[in-house]
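Output the structure for:
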Amino acid sequence: MRQAIHIFRKDARHCWPYIAGVTAITAVHAWQGSVELPDLRGNFGPDMSGVLLALLMVLAWWFAIGAAVHGESLIGDRQFWTTRPYSWKSLLAAKLLFVAAFLALPLLLSDCIILLASAYNPLELIPGLLWRQCWFAGFLVLPFALAALTRATRELALAGLVFYVVAIISITAVSSHFNRNEGVVILGRPGWISDIAPWLLAAAAFSLAVWQYARRRTIPIRVCAIALGGLAPLVIVVSLSSVAPTYPVAREDDPRYRNVTVQLAADAGDRRAQLMSIPVRFSGWPRGLMSYELMRVTATAPETGSQVWTRERPNPSMSTASDGRDLIWLSIDDPKMLTVQKVDLSLFLYLRLYERQGTAEVRPERGWARVPGFGAVRLVEGAQGGHVVWRTALKPGEMGWVYGLGDAKSELVADAYWPEAGGSLSPSPAWFAISPVHSYAGTYVVRRPRVTVVKSDEGIAAVRQPSPYPLVFTAKRLVAAFPRQLKIPGVRLTGDETK
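From the prediction side, this is the model:
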């Protein structure tokens, strides 16, 4: 252990420029993540300065690891340290201690600062912070192994560049070939693969590094590393498939969802020009905790049974009639439908059921509000409206979450899905995020102001005042999703209405 401490102190002295660079970039990252930077455009999309800072942090980690490992290069037999009684175990322990002290520890302190600024208590998230350190270690295994197999920083940079170019080409070539069926992504592999694959790659790379430290068999180890690098893009593509939205599918015999149905509320609706309204009624689940997606519409000729018209994902509009019924509006834009007098319509819907998780009042002047089981929420209001911004700690948001935003009088202001971009990425070495907090921007909302009539000597004026009711954020979690089919026989397409 004394020898490992001696080597560690030597690395700290010789690599101080890299340590200073990592510390400075990490400090800027902590400051940027803990303050609310003004955005006059109201754009809550990806911050290019944050992307650039993350790239600089990754480069600083790579070069710092390379400088420490290359201080006692493992390639060749003319290094000064080979003539000294250095134990390979002490040498490896010193390099790992360097990574823990000057890379992992600053990131841990940065995480705590950002979490505190985002209304999270780091003491309540200690298990998550420790897991994040494990993800970080798995993420740094690649540069550590490459540094052990290269002679200088230039070779390390070239090897890393080749690996990432091959990975990007593989992902681009394969990522679009996912099998989709009726709105459900069929991944074609067990679900545990996307979680365990990055850890297997990290373990394999670290095993090669330990082998190199123990035996210094550079050529066979490099051959194994190249073979592993060829498999890595394929594993990354398999992990990438989890980005596609997947939902928990309910069993048909589950008694909780057996009575969940969608049926016609009356006639097939009215037809004006090429627009048809279909009144439906959902039952068996609270309507505010249910949503649907129309996957396919098929029109069949009753006489022959042949399909006249079909449309995948028609993107219909939804409205509510005065009697409380839901109306599905369909656009009939196929010229063949205008020549048919009567058809049988078949609507294939995908129903999603939610459970209410937690609520919190959000006020612009109060900053971040905690929603149990969801994250931290903040309302950024302007003269004409505002944005709902929410954050999750230590892991990205999960697909299947929705939020409702209403005032104290239960007047709905907005109701939207969790953004799909990055929504289902699981924390792992393959998808390590620089920041412990993930931010999202919700739907633009417009508060309905109160209008007060004021009389004065100059006449009568209408004064618009902000709503006195606070906004209430409600988080909902998806619990089940399953298909339902709605059949509408004998729909007449001639005349002014359908029957």
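
ok, and for stretch 84-103, which residues are buried?
86, 90-99, 102-103 (16 or more other C-beta atoms under 10 Å). For every residue, glycine as well, the C-beta is placed using N, CA and C.

Same question for stretch 345-355.
Buried residues in stretch 345-355 (16+ other C-beta under 10 Å): 345-354.

Could I get the average pLDDT for that stretch?
Averaging pLDDT along stretch 345-355 gives 84.

on that earlier part again, tell me the one among the buried residues of stretch 345-355 nearest to Gln32.
Tyr354 (34.5 Å; C-beta to C-beta).

Helix or strand for the closest one, just tell me which one.
Secondary structure assignment for Tyr354, by DSSP states H and E: strand 342-362.

Dump the C-alpha coordinates for that strand into PDB.
Written as PDB, here are the backbone C-alpha positions of strand 342-362 (Å, rounded to 0.1, in the frame of the first residue of the first chain):
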ATOM      1  CA  LYS A 342     -72.000   2.500 -47.500                       C
ATOM      2  CA  VAL A 343     -69.000   1.000 -45.700                       C
ATOM      3  CA  ASP A 344     -68.200  -0.800 -42.500                       C
ATOM      4  CA  LEU A 345     -65.600   1.100 -40.400                       C
ATOM      5  CA  SER A 346     -63.200  -0.600 -38.100                       C
ATOM      6  CA  LEU A 347     -61.200   1.500 -35.600                       C
ATOM      7  CA  PHE A 348     -58.200  -0.100 -33.900                       C
ATOM      8  CA  LEU A 349     -57.300   1.900 -30.800                       C
ATOM      9  CA  TYR A 350     -54.600   1.600 -28.200                       C
ATOM     10  CA  LEU A 351     -55.800   2.500 -24.700                       C
ATOM     11  CA  ARG A 352     -53.500   3.700 -21.900                       C
ATOM     12  CA  LEU A 353     -54.400   3.700 -18.300                       C
ATOM     13  CA  TYR A 354     -52.700   5.900 -15.600                       C
ATOM     14  CA  GLU A 355     -52.500   6.200 -11.900                       C
ATOM     15  CA  ARG A 356     -52.200   9.500 -10.100                       C
ATOM     16  CA  GLN A 357     -48.900   9.700  -8.300                       C
ATOM     17  CA  GLY A 358     -48.400  13.100  -6.700                       C
ATOM     18  CA  THR A 359     -49.400  16.700  -6.800                       C
ATOM     19  CA  ALA A 360     -47.800  20.000  -5.900                       C
ATOM     20  CA  GLU A 361     -48.600  23.700  -6.200                       C
ATOM     21  CA  VAL A 362     -46.300  25.600  -8.500                       C
END
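
Just checking: what are the partner strands of it?
Paired strands of strand 342-362, with direction, are strand 290-300 (antiparallel), strand 471-492 (antiparallel) (DSSP bridges).

Which SSE is immediately downstream of that strand?
Counting by DSSP H and E, what follows strand 342-362 is strand 369-371.

mind listing what's buried in that following strand?
369, 371.

Give me the contacts around stretch 79-92.
Defining contact as C-beta atoms under 8 Å, 6 or more residues apart in numbering, one finds that stretch 79-92 is touched by 1, 3-4, 7, 72-73, 209-210, 213-214.

Confidence-wise, which helix or strand of the protein is lowest on average?
Least confident element among the helices and strands of the chain, by mean pLDDT, DSSP states H and E: strand 184-186 (a mean of 35).

Same list, the strands paired with strand 342-362, but as JSON lines with mean neighbour count, mean pLDDT and distance to Ser439 please.
Formatted as JSON lines, the strands paired with strand 342-362 follow (neighbours: other C-beta atoms under 10 Å; pLDDT from 0 to 100; distance: least, C-beta to C-beta, whole Å):
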{"stretch": "strand 290-300", "mean neighbour count": "19", "mean pLDDT": "82", "distance to Ser439": "24"}
{"stretch": "strand 471-492", "mean neighbour count": "18", "mean pLDDT": "81", "distance to Ser439": "15"}
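
nearest to Val141, of those?
Judged by C-beta to C-beta, the one of the strands paired with strand 342-362 that comes nearest to Val141 is strand 471-492, at 34.1 Å.

Convert the closest one to CSV, retaining C-alpha atoms only.
Taking Å, rounded to 0.1, in the frame of the first residue of the first chain, the C-alpha atoms of strand 471-492 are listed here in CSV:
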residue,chain,number,x,y,z
LEU,A,471,-51.5,26.1,-10.5
VAL,A,472,-51.5,22.4,-9.4
PHE,A,473,-49.1,20.0,-11.1
THR,A,474,-50.4,16.4,-11.1
ALA,A,475,-48.1,13.5,-12.2
LYS,A,476,-49.6,10.4,-13.6
ARG,A,477,-47.9,7.1,-14.3
LEU,A,478,-48.8,4.6,-17.0
VAL,A,479,-49.9,1.2,-15.5
ALA,A,480,-51.4,-0.6,-18.5
ALA,A,481,-51.8,-0.4,-22.2
PHE,A,482,-53.8,-2.7,-24.5
PRO,A,483,-55.6,-2.7,-27.8
ARG,A,484,-59.4,-2.3,-28.4
GLN,A,485,-61.3,-2.4,-31.6
LEU,A,486,-64.4,-0.4,-32.4
LYS,A,487,-66.6,-1.5,-35.3
ILE,A,488,-69.2,0.8,-36.9
PRO,A,489,-71.3,-1.2,-39.5
GLY,A,490,-73.3,0.4,-42.3
VAL,A,491,-71.9,3.9,-42.4
ARG,A,492,-73.5,5.8,-45.2
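
What is the end-to-end distance of stretch 120-134?
21 Å (C-alpha to C-alpha, to the nearest Å).

Could you number the chain from 92 rather than 1 from now on?
Okay, using 92 as the starting number, the last item reads as stretch 211-225.

Now it: buried residues?
Applying 16+ other C-beta under 10 Å to stretch 211-225 flags 211, 213, 216, 219-220, 223-224 as buried.

can I see the domain layout of this protein?
93-331, 352-445+572-583, 447-568 (automatic domain parsing).

do you know how far the nearest residue to Ala185 once chain neighbours are set aside is from Thr483?
Distances taken as C-beta to C-beta, 6 or more residues apart in numbering place Ile98 nearest to Ala185, at 3.6 Å, with adjacent residues excluded. According to C-beta to C-beta, to the nearest Å, Ile98 and Thr483 sit 40 Å apart.

between the two, who's got more neighbours?
Ile98 (23 against 20; other C-beta atoms under 10 Å).

Give me the mean pLDDT for the helix or strand hosting the more buried one.
When elements are assigned from DSSP H and E, Ile98 belongs to helix 93-105. Mean pLDDT, helix 93-105: 92.

Quick check: buried residues in that helix?
94-95, 98-99, 102.
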